[in-house]
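# Pasting the sequence and the predicted model now:
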There are 2 protein chains.
Amino acid sequence: MDAVTLYHWEPNANSGKPMLALMEKGVPFSSHYIDMLQFDQHKPEYLAINPQGTIPAMTHNGLVLTESTAIMEYVNDRFDGPDLMPSDARDRWRVRWWMKFMDQWLGPSFSMIGWSVFVGPMVRQRDPAELAAAIERIPLPERRVAWRKAINGDFSESEMAESRRRVGLGIAKLEEELGKRPYVGSHEYSLADINIFNSTYSLPLSQPDLAGKDKTPNIMRWLKRVYTRDAVKRTWAMGKTDLANRYGLIMAEIEA
Amino acid sequence: MDAVTLYHWEPNANSGKPMLALMEKGVPFSSHYIDMLQFDQHKPEYLAINPQGTIPAMTHNGLVLTESTAIMEYVNDRFDGPDLMPSDARDRWRVRWWMKFMDQWLGPSFSMIGWSVFVGPMVRQRDPAELAAAIERIPLPERRVAWRKAINGDFSESEMAESRRRVGLGIAKLEEELGKRPYVGSHEYSLADINIFNSTYSLPLSQPDLAGKDKTPNIMRWLKRVYTRDAVKRTWAMGKTDLANRYGLIMAEIEA
């Protein structure tokens, strides 16, 4: 039983990382869609797989793997297919620098904005008693706090301001870096591109004041390179919400 | 010019990671001690190396590397000497899971406690005008906020409570994991041990209610294994503050 099973939400942020890495490597996997907006990740069936209730999770030969970036390194290490890490140690350092920058510094700010404009308003329409019960089931206290803030629209003005500051700086830094080479970490497509793309693929729509063909031409050229990859198209076709429908809109913007 | 230069504070937390990795690999390096308590990391000489003013930083053949865990992976990749990553992909995943857990989830909580009981009180005795000027020179706004809180003793009760909760959970999780194998990530010493050790080497002194030979025997056995490594002894001998003097006290506790 050499089967890979992936528990994931949309091809977006953390869930999209192992989806894209597996697709690029050509590794077949059984897909379990976890509907984050229905709190599937906190239900007993899923907690039996990952007791922390975070997504994504991947199983392989009985091993349960969590943490999306560490899963990507495992996928690249363990399976045949194109190498998604550059051959030069200096480039590998740059790949890991960017993944750390996104995972720890910039990504949480993109998430906070995404939660306040998208996840919060969608979930908020539900029955309050049902929502309260759903929050009670969240195993990690820090995730309980974050969900409560998202649902109640309780992110403070200073938290939102810090997130906007980081997003502005992060986009400027990415634009500068992509002026030096065609991909984020090296001259070849790598795990860094997969990682960063999953949080930036919709920038021309979500941050039109900061990103677009006039303001960030390097990012736009890079987005086009990534969007047109076969593995990306096949992964995006697995999306079930409006997030995935943005593909066509953004391609139109890139090609305009 | 194949020279390695390391800019670092004490063999502690982030600074200790590349120090120990270089020592284990047997890579000679030129050591530049950055006195964090004198804010050396925000002075023009150092900002010329790393404009973000974070430590550690390493230069190698003209390349400037930052982010301590990514530097360790580079050191292990790039130089001869013992391999500090396990040979099995599953074990490498576990190494990276633990490094991510420490760097992003547990480490900041250890730091907050360390700052509130050690760094803050030491720095607070200085001339207020000098301190204010030192804070103004910090390039990253989020580091400016953190230093101001440390100096003024301004961490909120809920921030401190969350840090204590994480430290308690983190120690319990480490104790459980070290019951399964002699080292954190695999049966061999790896980057995960270096990473985790740098934030936990003084637990029997700093958290006597949570760690010690009765409460956490697995951690104590692991600490002894790591403390008695030649590379660790030589690295600890480079310390200049009281932090490094704890070595003898903790060995006495371990051997008691």
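Right, received. Where do you want to start?

# C-alpha only now, for contacts and for neighbours.
Will do.

# And A:Val145, how far from chain B?
A:Val145 sits at a distance of 11 Å from chain B (criterion: Cα to the nearest Cα, to the nearest Å).

# what about that residue, which helix or strand?
Using DSSP states H and E, A:Val145 sits within helix A:141-152.

# counting contacts, what elements does that helix pack onto?
helix A:120-124, helix A:128-136 (3 or more Cα pairs under 8 Å, 6 or more residues apart in numbering or on different chains; DSSP states H and E).

# and it, C-alpha only, in CSV?
Once non-C-alpha atoms are left out, helix A:141-152 reads as follows in CSV (Å, rounded to 0.1, in the frame of the first residue of the first chain):
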residue,chain,number,x,y,z
PRO,A,141,-7.0,27.4,21.5
GLU,A,142,-5.1,29.8,19.2
ARG,A,143,-7.2,28.7,16.3
ARG,A,144,-10.4,29.1,18.4
VAL,A,145,-9.3,32.7,19.1
ALA,A,146,-8.6,33.4,15.4
TRP,A,147,-11.9,31.9,14.2
ARG,A,148,-13.9,33.8,16.8
LYS,A,149,-12.2,37.0,15.6
ALA,A,150,-12.9,36.2,11.9
ILE,A,151,-16.6,35.4,12.6
ASN,A,152,-17.2,38.4,14.7
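
# and that helix, which residues are buried?
A:Arg144, A:Ala146, A:Trp147, A:Arg148, A:Lys149, A:Ala150, A:Ile151 (16 or more other Cα atoms under 10 Å in any protein chain shown).

# Which is the succeeding secondary structure element to it?
Next element after helix A:141-152 (DSSP H and E): helix A:157-177.

# Restricting the selection to alpha carbons, write that next one to CSV.
Output of helix A:157-177 as CSV, limited to C-alpha atoms (Å, rounded to 0.1, in the frame of the first residue of the first chain):
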residue,chain,number,x,y,z
GLU,A,157,-7.4,48.3,13.7
SER,A,158,-3.8,47.9,14.7
GLU,A,159,-3.7,44.2,13.7
MET,A,160,-5.3,45.1,10.3
ALA,A,161,-2.8,48.0,9.8
GLU,A,162,0.1,45.8,10.6
SER,A,163,-1.2,43.2,8.1
ARG,A,164,-1.6,45.8,5.4
ARG,A,165,1.9,47.1,6.1
ARG,A,166,3.4,43.6,5.7
VAL,A,167,1.4,43.0,2.5
GLY,A,168,2.7,46.2,1.0
LEU,A,169,6.3,45.4,1.9
GLY,A,170,6.0,41.8,0.9
ILE,A,171,4.6,42.7,-2.6
ALA,A,172,7.4,45.2,-3.1
LYS,A,173,10.0,42.7,-2.0
LEU,A,174,8.6,40.0,-4.3
GLU,A,175,8.5,42.5,-7.3
GLU,A,176,12.2,43.4,-6.7
GLU,A,177,13.3,39.7,-6.4
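
# which outside residues touch it?
Residues from elsewhere that reach helix A:157-177 (Cα atoms under 8 Å, 6 or more residues apart in numbering or on different chains): A:105-106, A:108-110, A:112-113, A:184, A:210-211, A:216-219.

# With stretch A:33-40 instead?
With Cα under 8 Å, 6+ apart as the criterion, stretch A:33-40 contacts A:Tyr7, A:His8, A:Trp9, A:Glu10, A:Gln41, A:Tyr46, A:Val119, A:Met122, A:Val123, A:Ala134.

# one step back: quick one, which of the helices and strands packed on helix A:141-152 is packed in tightest?
Ranked by mean neighbour count under mean count of other Cα atoms under 10 Å in any protein chain shown, those are led by helix A:120-124, which reaches a mean of 17.

# Can you name every helix or strand that it contacts?
Using 3+ Cα pairs under 8 Å, 6+ apart, helix A:120-124 sits against helix A:141-152.

# what distance separates the helix it packs on from the middle of the whole chain?
In terms of Cα atoms, centre = their mean, to the nearest Å, the centre of helix A:141-152 is set 19 Å apart from its chain centre.

# again, but for stretch A:145-159
20 Å.

# Same question for stretch A:102-116.
Remark: stretch A:102-116 is offset 10 Å from the chain centroid, using Cα atoms, centre = their mean.

# A:Glu67: what's it in contact with?
A:Pro56, A:Ala57, B:Trp97.

# Just want the phi and psi numbers for it.
In terms of degrees, to the nearest 10, the main-chain angles of A:Glu67 are phi 70, psi 100.

# swap in the one 10 residues further on?
For A:Asp77, the backbone dihedrals are phi -70, psi -40 (criterion: degrees, to the nearest 10).

# quick one: the residue lying closest to it once chain neighbours are set aside and A:Tyr189, what's the gap?
Leaving aside its chain neighbours, A:Asp77 sits nearest to B:Ala89 (6.2 Å; criterion: Cα to Cα, 6 or more residues apart in numbering or on different chains). Taking Cα to Cα, to the nearest Å as the measure, B:Ala89 falls 22 Å from A:Tyr189.

# same check, this time on A:Val27
18 Å.

# hmm, back to that, can you redo the buried residues of helix A:141-152 as CSV with pLDDT and distance to B:Pro128?
Formatted as CSV, the buried residues of helix A:141-152 follow (pLDDT from 0 to 100; distance: Cα to Cα, whole Å):
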residue, pLDDT, distance to B:Pro128
A:Arg144, 93, 40
A:Ala146, 89, 37
A:Trp147, 90, 40
A:Arg148, 91, 40
A:Lys149, 90, 37
A:Ala150, 88, 39
A:Ile151, 88, 42
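
# the helices in chain A, which residues?
A:13-25, A:44-47, A:68-78, A:89-100, A:107-114, A:120-124, A:128-136, A:141-152, A:157-177, A:191-200, A:203-206, A:217-227, A:230-236, A:242-255 (DSSP state H).

# and the stretch 51-200 of chain A, which of its residues are near chain B?
Counting by Cα under 8 Å from any Cα of the partner chain, the stretch 51-200 of chain A comes close to chain B at A:65-67, A:70-71, A:73-74, A:77-78, A:89-90, A:92-93, A:96-97, A:104.

# Show the contacting residues for the single nearest residue of the stretch 101-250 of chain A relative to chain B.
Nearest residue of the stretch 101-250 of chain A to chain B, counting by Cα to the nearest Cα: A:Gln104, 6.5 Å away. Contacts for A:Gln104 were tallied using Cα under 8 Å, 6+ apart; they are B:Gln104.

# Just give me the neighbour total for the closest residue to A:Tyr183 other than its chain neighbours.
Leaving aside its sequence neighbours, A:Tyr183 sits nearest to A:Tyr189 (Cα to Cα, 6+ apart; 5.9 Å). The tally of other residues near A:Tyr189 (other Cα atoms under 10 Å in any protein chain shown) stands at 19.
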